[in-house]
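Colleague: pasted the sequence and its predicted model underneath.
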Amino acid sequence: MSEKALEKKAEEIEIDLLDILRRIIAIRKTLYKAIIIGLIIGVIVSLSIPKQYTVNVTLSPEMGTNKAGNGIAGFAASFLGGTTAMGDGTDALNASLSSDIVSSTPFLLELLNMKVTVDEDNQKTLSTYLEDESSPWWSYVIGLPGMAINGLKSLFADKELSNETNGQPSGVISLTNKENAKVAFLKKNITAIIDKKTAITNVTVILQNPKVAAIVADSVVHRLQEYIINYRTSKAKDDCAYLEKLFEERKQEYYEVQKRYAEYVDTHDNLILQSVRAEQERLQNDMNLAYQVYSQVANQLQVARAKVQEEKPVFAVVEPAVIPLKASGLGLKVYMVLFAFIVVFCTAGWLLLIRGIWREIKMKI
């Protein structure tokens, strides 16, 4: 492209920019009004949105690993002369499923029954507290048609619903509309995010009361720990309970055989008949066999008890629940600047571009 062509194009661009600048100056009074309107809208929106407080808790859990022959159970087995034969110690559920556990309906339903302290003299359940949480005014306007429809449905569906829930299996959870709304709210405002590389778990709780948010976050962490510990140790506890029952049975059996042997020896001590010796030898063999079984079960019971302790995962709380002092989310100034920019951009776009195109379309029609 020649130098003259480049100069001509640069002049055209300069003329276009000057024309746009003149057009903007011409509508400056309208843009000033748009800025004021945007600032007012930003203030209204900011004041309409309730303040929310965010609490983050960071913990580092012990992930499921292969522990066969290692740890307390392995030491107990080697000390007692046996081997651990209760699985490899790798569980289907470990801390990597924390996010799924926290968002599960049974976990959240249990959380709704916990006690929270709103004020010094005001203690209520989390379910009751959630009813006091406010929402922006436009959420009620948007949800009004749905509320009316649900109200009409409830008038005709109450009797049918009560009959259907009576025959539900025990594993099926039936929720009312209020319970379902509260569970959905908790799923949105209580989250657990796991870093797959470091296994660090971040639990986040967002509520309108900073103290309640900290209490709920601390409770979520403790309940999550209990949930995983109970699952991880349930198999070992079942094995331990079975071996304790078996141990008592073998011990009683050994005592009875030992008693029969002692009574027979006491009553036939002076007899040298071969039949007496044969019976005494048989009873002694039965006693030795019962003792061997009893001893083996006792060793397995000690290993099982050690395994229960070994299976308990360790959770190190890196960052505990701290009551936040400042609300999270966007502040008043951010909302004002954001809506002022949006209103000015839309106004300028309409006056400088869209209105002209719209007029051309109407003229052609």
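Modeller: Structure's in. What do you need?

Colleague: could you pull out the strands in the stretch 201-350 of the chain for me?
Modeller: Remark: strands assigned in the stretch 201-350 of the chain by DSSP state E, counting those that start in this stretch are 201-207, 315-319.

Colleague: got the angle between whatever helix or strand residue 179 lives in and strand 201-207?
Modeller: Applying DSSP states H and E as the criterion places residue 179 in helix 177-189. Angle of helix 177-189 versus strand 201-207, following axes from the mean of the first three to the mean of the last three Cα atoms, to 10 degrees, is 130 degrees.

Colleague: so which bits of helix 177-189 are buried?
Modeller: With burial defined by 16 or more other Cβ atoms under 10 Å, the residues of helix 177-189 counted as buried are 179, 182-183, 186, 189. Using the backbone N, CA and C atoms, a C-beta is placed for each residue, glycine as well.

Colleague: equivalent analysis for stretch 281-297, please.
Modeller: 283, 286-287, 290, 293-294, 297.

Colleague: quick one: low-confidence parts of the stretch 251-365 of the chain?
Modeller: Confidence mapping of the stretch 251-365 of the chain against pLDDT under 70 gives the ranges 271-272, 356, 365.

Colleague: most neighbours per residue, which of the strands of the stretch 201-350 of the chain?
Modeller: Of all the strands of the stretch 201-350 of the chain, strand 201-207 carries the top mean neighbour count, a mean of 21, counting by mean count of other Cβ atoms under 10 Å.

Colleague: ok, and what's touching that strand?
Modeller: By Cβ atoms under 8 Å, 6 or more residues apart in numbering, the list of residues contacting strand 201-207 from outside reads 52-61, 95, 98, 102, 133, 189-195, 213-214, 216-217, 220-221, 224, 328.

Colleague: now it against strand 315-319, angle please.
Modeller: 50 degrees.

Colleague: coming back round to it: of the contacts of strand 201-207, select the buried ones using a ChimeraX command.
Modeller: Buried residues among these (16+ other Cβ under 10 Å), as a ChimeraX selection:
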select :52,53,54,55,57,58,59,60,61,95,98,102,189,190,191,192,194,213,214,216,217,220,221,224
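
Colleague: mind listing the helices for the protein?
Modeller: Assigned by DSSP state H, the helices in the chain fall at 3-26, 28-48, 71-80, 98-102, 105-112, 126-130, 137-166, 177-189, 210-267, 274-310, 332-349, 355-364.

Colleague: a markdown table for the ones you listed, including distance to residue 321?
Modeller: What follows is the helices of the chain, written out as a markdown table (distance: least, Cβ to Cβ, whole Å):
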| stretch | distance to residue 321 |
| --- | --- |
| helix 3-26 | 52 |
| helix 28-48 | 27 |
| helix 71-80 | 31 |
| helix 98-102 | 14 |
| helix 105-112 | 14 |
| helix 126-130 | 15 |
| helix 137-166 | 28 |
| helix 177-189 | 15 |
| helix 210-267 | 4 |
| helix 274-310 | 28 |
| helix 332-349 | 27 |
| helix 355-364 | 55 |
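
Colleague: wait, which of the ones you listed is closest to residue 322?
Modeller: The minimum distance between residue 322 and these falls on helix 210-267, with 6.5 Å, by Cβ to Cβ.

Colleague: leaving out chain neighbours, which residue sits closest to residue 200?
Modeller: Spatial nearest neighbour of residue 200, chain neighbours left out: residue 60 (5.5 Å); criterion: Cβ to Cβ, 6 or more residues apart in numbering.

Colleague: is it true that the one you found touches residue 319?
Modeller: No - counting by Cβ atoms under 8 Å, residue 319 is not a contact partner of residue 60; they are 10.1 Å apart.

Colleague: residues that sit against both of these two, list them.
Modeller: If you check residue 60 and residue 319 against Cβ under 8 Å, 6+ apart, no residue is contacted by both.

Colleague: which stretches of the stretch 1-150 of the chain have low pLDDT?
Modeller: In the stretch 1-150 of the chain (pLDDT under 70), the answer is 1-17, 61-96, 137-141, 143-150.

Colleague: surely residue 200 touches residue 317?
Modeller: No - here residue 200 lies out of contact with residue 317, judged by Cβ under 8 Å, at a distance of 11.2 Å.

Colleague: name the residues of stretch 322-341 that are buried.
Modeller: 324, 335-336, 338-340.

Colleague: and the furthest pair within those residues?
Modeller: Spatial extent of the buried residues of stretch 322-341 (Cβ to Cβ) is set by the pair 324 and 340 at 28.5 Å.

Colleague: burial count for residue 236?
Modeller: 22 (other Cβ atoms under 10 Å).

Colleague: right, I'll leave it there.
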